[in-house]
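1. Got a predicted model here, sequence first, then my questions.
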Amino acid sequence: MMQPGVDLLRNPPGATDLVLLAHGGYEHSHKNPHLWRGPILRMWPFAAALRTAVPSAAVGLVRYRYRGWNDVGDPVIDLRTVLDELPVSIKRVVLIGHSMGGRAVVAVGDHPRVAGVLGLAPWLPRDEPLIALRSPVMFAHGNDDRVTSPQETRAYANRLRAEGTPVAMVFLAGESHPMLRRPEDWNTLVATFAQTALDGAGSPTDEDVVWPDDQPKGSPLAAVLRLARTRLTTPVRKR
């Protein structure tokens, strides 16, 4: 059986910070999550943006054992194992997850190494357990998402706020679940959040913000081609 791990997409010498990307998946699947699946490829442009935004940090992509959440929350088990087994030289970890990966980073967001949690179109069902997330915390969702629910994400954010955890909630108008209509806005959001978490460059506001759809939407096909190009041109330092 495959073991959980991290593919390092950037590993500068002496890095003490890690930005860890967690991709999406399925509700139920025990298939092998190979490297060329769409949910994994979607995370690669974020790695490219992070190389510029936080150049002193390592950037990694979580490797799950399975494609699905399954009955026991397999991605949570995998992600917590990865956090527990990171080298002692890594002091802070910023977690960024999409869809199922968003649910996973929330579930482990109370880990002592965590220095921020960003959920991109996270899958947060109404009965999801409330976790004492380590700040800063941000959720971002496309208004046109029909796969995971922006309303349920807002409800979870409001539950956290009621318990005293500040949460920034960003809605991207005109965007859907794959995040392919406004890819540069998503890249900017990821890069800025990582800078905020690691450099203390201000804190995300504890409120709901709508990014208006005042620019022409990009071509999803062009975005897919950029994903593939980024994957082909970004070296994997360690697997």
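-> Yep, that arrived. Residues are numbered from 1 along each chain as shown.

2. Which strand residues bridge Asp208?
-> Met169 (DSSP bridges).

3. Run a quick check on it versus Arg161, I expect a contact.
-> No: with contact defined as C-beta atoms under 8 Å, Asp208 does not count as touching Arg161 (10.4 Å). All C-beta spots, glycine's among them, are computed from the backbone N, C-alpha and C.

4. Pretty sure Phe46 sits against Leu21.
-> Yes: using C-beta under 8 Å, Phe46 is in contact with Leu21, at 5.9 Å.

5. overlap in contacts of these two?
-> Common contacts of Phe46 and Leu21 (C-beta atoms under 8 Å, 6 or more residues apart in numbering): Ile96.

6. Nearest spatial neighbour of Pro4, chain-adjacent residues omitted?
-> Asp78 (3.5 Å; C-beta to C-beta, 6 or more residues apart in numbering).

7. what about the one you found, which helix or strand?
-> Element membership of Asp78, judged by DSSP states H and E, is helix 74-85.

8. Over to Leu95?
-> strand 92-98.

9. Show me what that strand is packed up against.
-> Judged by 3 or more C-beta pairs under 8 Å, 6 or more residues apart in numbering; DSSP states H and E, the packing partners of strand 92-98 are strand 17-22, helix 100-107, strand 114-120, helix 183-199.

10. comparing the ones you listed, which gets the lowest mean pLDDT score?
-> The weakest mean pLDDT among the helices and strands packed on strand 92-98 belongs to helix 183-199, with a mean of 94.

11. how many other residues sit next to Val106?
-> 28 (other C-beta atoms under 10 Å).

12. what do you get for His23?
-> Around His23 there are 27 residues (other C-beta under 10 Å).

13. where does this protein have low pLDDT?
-> Along the chain, segments meeting pLDDT under 70 span 1, 201-203, 214-239.

14. one step back: any chance you could list what contacts the strand holding Leu95?
-> 16-24, 39, 42-43, 46, 57, 79, 83, 86, 103-106, 108-109, 111, 113-122, 179, 190, 193-194, 197-198.

15. The residues you listed, buried ones only, as a PyMOL selection?
-> Paste this into PyMOL to select the buried members of those, with burial taken from 16 or more other C-beta atoms under 10 Å:
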select buried, resi 17+18+19+20+21+22+23+24+39+42+43+46+57+79+83+86+103+104+105+106+108+109+111+113+114+115+116+117+118+119+120+121+122+179+190+193+194+197+198
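
16. if we can go back for a sec, tell me what angle the helix holding Asp78 forms with strand 17-22.
-> Angular relation of helix 74-85 and strand 17-22 on a 0 to 180 degree scale: 160 degrees, by axes from the mean of the first three to the mean of the last three C-alpha atoms, to 10 degrees.

17. Please find the angle between the direction vectors of helix 74-85 and strand 114-120.
-> Using the same axes, to 10 degrees: helix 74-85 against strand 114-120 is 160 degrees.

18. related to what we said a few turns ago, given the strand holding Leu95, what are its sheet partners and their directions?
-> According to DSSP bridges, strand 92-98 forms sheet pairs with strand 17-22 (parallel), strand 114-120 (parallel).
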